[in-house]
Each structure stands twice: as C-alpha cells, then as structure tokens.
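Peer 1: with the input below, show me the fold.
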Amino acid sequence: MTENIREKLAREVLDIVRRIFPRFDGEVNVALTHPESFEHGDYTTNVALQLSKELGKKPKDIGEQIAAELEKHALVAKAEVAGPGFVNIFLKPEFFAGSLKTILDEKEAYGKSDWGKGKTWLIEHTSANPTKALHLGHLRNNITGMAVSNLWQAMGINVVRDYVLNDRGIAIMKLVWGYLKFGRNDKDETKATVAGWAENKSEWLTPESVGIKPDRFVEQYYTLGTDDFKNLETEALVRELTLAWDADGPYVRELTSLLVGWVLDGQMATMKRLGSSVDIFWKESEHYAEGKKYIEEGLAKSVFTKLEDGAVLSKLESYKIPDTILMKRDGTSLYITQDIALTKLKKEKTRADKMFWVVGPEQSLALRQVFAICEQLGIGKISDFTHLPYGLVSIKGSGKMSSRTGNIVYVDDLIELTKKELKARIPAEKFMFENEDEALEIIALGAIKYSILRTGRTTDTTFDFDTSLSFEGDSGPYLQYVYARIQSLLRKAESAGISGKVSPYPVGEGETLPGSSLARLIARYPEIIERAGLDYAPNHLASYLLQLAQEFNSFYGSTQIVSADDAESPHRVAIAAATAQVIRNGLKLLGIETLEKM
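Peer 2: Next comes the predicted model:
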C-alpha cells in the first residue's frame, strides 16, 4: 500500500506547531497544497497566516520557525517562507527516487491504500427504468457511479454497488398491455389478454424471434402501450391489470417478470460493454408493501402527524426542508415510504457505514426528505446518507442520432457511431490494430467516458466528436496514445538491452535527476486518488492524468530517453515506465482501458 506523503507532512507540521508554540491550544487547519510551479516547492501551507492573530506575531516570523523545524525532517530538503508567510516545502530527491521504485515494484497496486480498511460504502447507480434500453440520460449516472466507486476501492473501502428495479405499478402495466395488444404474431388484438398469452405463448413475438436486442424489443411495446393508454377503454384495462398484479392474479406477474427480465438482460449487456458492474439488485415488487409499517412507526414516535382527513404528513421543520405527504387520506402510501423501507433493507443487508445515491438533481429534495425521515425513525444518521447529483450530458449535433421513437440517444448507438467516427478520422496507413473492432471499442469508450469525467460532476457537458476523438489535447484517446507511445519506447529500450533502473539521487550540489519534474508529479498520484475519492470528483484524477501526459511529452520531446551510450538512460527509461504505469492505473479507475500499440 502506498503512503500518502501529504498526510504525513501535515501531521508533522501540526506536531511542530504544538511543540514550538506550547501555549497555543486553538484549532488550526494544516492544509498542504501544491504550488503552481515546482520552483516554489512540492507543497505549501498557510498555517503561519492562520496562527498570526492568535499568537500576536508576524506570519513571516512564525513561518520561519516552522520552516527551520521542517528542515530537520528526513524527507525535507528545504523549507522557506514566501510572500506574507506561506511556508514552501521541498522534498528530497531520495523521496522521489523511492517513489519511482515503489511504482515499478507495485505496478497495478501503486496508488492503492488502506485508508478505508474496515469501511463498507454502498452506492446506487444507473437504476434505469425497466421499460427502456439505456440511453444518454443514464450514461453519466453509470460512468460517474463506477468511477467514484473504483476510487473508493483503491482507497481500501469495501464497496457494494446496487441497482433498483421499479418493476411494478401502472407504468409497468402499460408495458404489459402494449405487449399483449401489439406483440402477437398475427396482430389479433381481440386475443390481448393475460390468459390468452399464458395459453398460447408461442403466438407472441420474442426478442429472439425478431432478432432485436431484448431491451430495445420491449421498449417499443412500452411506447405503444403508453400511447394506447390515452384511450379511456385502454386506461380501464391497464388499471385492471394493475389491480390484478396487486392481487397476485393468474399469470400477470409471470408476464411482468418475463418482460422486465428481457429489459434487464439488455441493460446489463450494455453495462457489461461499459465495464460496469452491480452487486445487488433490489426489486420494488419485493419490498413495496413494507413501506406502510413505517407510517405506524412514525406516528407512534410522533415524527409524523395525521391530518384531519386521515392523510399522514412528515414533520421536517427542524431540518429546514418542506414537509411531504407519506400516506393519502384513502390509505394509499406514496413512493417515499417505499424508499424508506428500501433504505432500511439496504442498511440491514449490507451493513454499510455510508450509503450513496447517484441520482439526478431533480430528486434532491425528495432524497433529503427520505434521509431526514430515516434519521427520525432511527434507520441511520442523516450524515450516513449522501446524494451525488450530476449534470446533464448532450451531444453536439445529436439531431442525426434521434431514434424513430423520439429524440433518444441510446448508449449502444452512441458507442457504435463513435467507433464509426473514430475510424473515419484515422488515416488508413496508421490503422494498424491487430483486432480492429476491439481496438475501436476501447478507444471509443475511452473517448466517451473521459469526455464526461473530465468535467466537474455537477457541471453540464456536451460530447463533441471533434474534441473527444482527438489524439492531441484533453481527451481519452490522447491519454491512451501517450500510454501506447511509452510502451513502444519501452520495447525499443528492451531491444537495446536497456532496463529501467532508478538512480538513487544527485551527487553534485544543484544537480537534478533527468525528468525530475515528471518524477515529482508522478509521486502525487496516491493523494490524487484520495482527494478524488473523498470529493466524489473523478475529474480531479482526469485533470491529473492529462497534466502527467503533457509533462511526459515535454520530457520526451526534450530528452533522448533511450541511448545505449548514456549512463542516465536506464533512469530515464524507469521514469517512462513509471509514467505509463500511473497512466494505466489512473485510466483503469476511470473505467478506461489502454492499448499496448496505437
């Protein structure tokens, strides 16, 4: 496991403050940040400015005392005061040499830590409507949920990913009706009954019989059923189906399960293509009835109130959020009670310390209400529950991607079109992949994922083919290309008999290791993971990887890395290998694969 040097230095600074100013008993936030330039050190802290008023001393004088003590630290080469009292810290070259060795030794494990050892965090992501194929609206949810949870796993947290299926209710019955009426081989609408289907299942089409991906196959019947629902006679039939489902009527649940199962099969195929995973599925049909018991519990605890007409209302004024109806006057419970029941179920089954919901921002208030009520009922502290909203994703020029059923961009279609666009942009003489389709898939997915993850989670973003598929600049293919370029360089070194070997540290005063700026940047990787994970912000890692790739290209352009006549060539090769390893590790956390040749 990799040590986070920033945390270690922060503790050292705090110890120094307590030691040299024993009378100071206040709170101080020792935050170490990176200066804009390596010329100003590896870390800087404003702790002297914080202490100035409390101690009645000039920040510069306090900073000089702290700097003098820091220089006694085994890893600190120099500490100096800059500006009004910032303390700049320079680490010793030995530290960076050791960091390079650690990377080359640990390989895929580099950057991982035991920060979250013993913690279990649950994260719900994607949870798409079980009547539709995954489309653009689900993409950011899915990619963000996976990247954030990957970061947590790298921090040693036990991560459980879950997925909720709302597999009951009138929307599902619209699907059932659409299939019964429009899904027959002979299109005989008079036979559109559940009993008719049960007796003659072969008379209805299936995804296999028409050769259509199961989720797309089912979605068309949901659309037809929804449109037909506008007819009053159809509406009555659909409501009868809903009641029949609730009463566990013959065959209706069997047909519902079949249709929802087809959709889920298709959704999971797309998620597999995206490299996404789910550990637990929750079906609304299995827990929806549990919600009503929390109404009585809330009333007994006086955290709910019953209105004169019999409806039940929350009491959330202490949380400074609006109240919400939990049960109608006719005794019908609302979705919020199901959410409460499911939250309790999740907590009991997974024993999660923290629970996260990657859900659109439009659900913010509803989730805050659920979290507050769960605290009132003793299910968990409100701090145990976190909503991770995200911005919208649009596609530049997406009009050409509209489906026949509406302005919908399906995830599978986006991937295929990206592959097509990608191939058209690569000159034929440079298209030298051993497996063309596999390579295009990897690069296309890298372009799509990086374009989403490179921006702040809550910022709206637009997928632009020109920038996202560029092999130069801020894009997934650019990072993949830099990695492949380094692999080519390492193969060249191997052919020349040059093995990567880290130089211990400079001998002469003022000397620097070749590629020292790159080595200093590489060493920051473990803390970038932690920062991105705790901020729920994969864009921190994406920005870092871009900076690292650009720094390597500067190194590559100014230095002959592989040279049989240069004694420092093994060290340069080691830096190149370490850079490639960090890029590969970081991209993997973002859900992006790499290619050895491009």
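
Peer 1: top helix in the chain by residue count?
Peer 2: In the chain, assigned by DSSP state H, the helix with the most residues is helix 252-274.

Peer 1: residues in contact with the very next helix or strand once past that one: which ones?
Peer 2: Where DSSP states H and E defines the elements, the next helix or strand beyond helix 252-274 is strand 280-283. Applying C-beta atoms under 8 Å, 6 or more residues apart in numbering, the contact partners of strand 280-283 are 160-165, 167, 264, 342, 345-346, 349-350. All C-beta atoms are positioned from the backbone trio N, CA, C, and that covers glycine.

Peer 1: stretch 268-278 too?
Peer 2: Contacting residues not belonging to stretch 268-278 are listed as 125-126, 133-134, 142-143, 145-146, 161-163, 213, 215, 411-412, 415, 441, 445, 591, 593 [C-beta under 8 Å, 6+ apart].

Peer 1: could you redo the last one with a cut-off of 10 Å?
Peer 2: 124-128, 133-135, 138-139, 142-143, 145-146, 149-150, 160-163, 213-215, 264, 267, 281, 410-412, 415, 441, 445, 448-449, 588, 591-593 (C-beta atoms under 10 Å, 6 or more residues apart in numbering).

Peer 1: if I pick R368, what's in contact with it?
Peer 2: Per C-beta under 10 Å, 6+ apart, neighbours of R368: 316, 319-322, 382, 385, 387.

Peer 1: and those residues, which two are furthest apart?
Peer 2: Within the contacts of R368, P322 and F385 form the most distant pair, 17.9 Å apart (C-beta to C-beta).

Peer 1: more crowded one of the two?
Peer 2: When P322 and F385 are compared for neighbours, F385 comes out ahead with 23 against 11, by other C-beta atoms under 10 Å.

Peer 1: excluding sequence neighbours, find me the nearest residue to the more buried one.
Peer 2: F371 (4.2 Å; C-beta to C-beta, 6 or more residues apart in numbering).

Peer 1: C-terminal to the helix or strand hosting the one you found, what's the next element?
Peer 2: Using DSSP H and E, F371 sits within helix 364-376. For helix 364-376, the following helix or strand on the C-terminal side (DSSP H and E) is strand 385-387.

Peer 1: right, and D566 touches R572 too?
Peer 2: Yes - using C-beta atoms under 10 Å, D566 is in contact with R572, at 8.0 Å.

Peer 1: higher neighbour count, these two?
Peer 2: R572 (26 against 15).

Peer 1: for that one, give me its contacts.
Peer 2: Each residue near R572 by C-beta under 10 Å, 6+ apart is listed here: 489, 493, 498, 500, 503, 513-515, 518, 555-556, 559-563, 566.

Peer 1: 8 Å instead?
Peer 2: 514-515, 559, 561-562, 566.

Peer 1: assumed it was part of a helix.
Peer 2: Yes - under DSSP: H, G, I helix; E, B strand; the rest coil, R572 falls within a helix.

Peer 1: looks to me like T44 is in a helix.
Peer 2: No - in this structure, T44 is strand, not part of a helix, as judged by three-state DSSP.

Peer 1: that one bridge partners, please.
Peer 2: T33, N88 (DSSP bridges).

Peer 1: state the number of residues packed around it.
Peer 2: 21.

Peer 1: residues in contact with it?
Peer 2: 32-35, 82, 86-89.

Peer 1: repeat that for 7 Å
Peer 2: Taking C-beta atoms under 7 Å, 6 or more residues apart in numbering, we find T44 in contact with 33, 35, 86-89.

Peer 1: which one of those sits closest to G111?
Peer 2: Set against G111, the nearest of the contacts of T44 by C-beta to C-beta is T33 (19.6 Å).

Peer 1: let me know the pLDDT of the closest one.
Peer 2: Confidence at T33, expressed as pLDDT, is 94.

Peer 1: show me the shaky parts of this protein.
Peer 2: 1-3, 397-407, 429-431, 504-514 (pLDDT under 70).

Peer 1: hmm, back to that, what about burial for the contacts of stretch 268-278, which qualify?
Peer 2: 124-128, 133-135, 138-139, 142-143, 145-146, 149-150, 160-163, 213-215, 264, 267, 410-412, 415, 441, 445, 448-449, 591-593 (16 or more other C-beta atoms under 10 Å).
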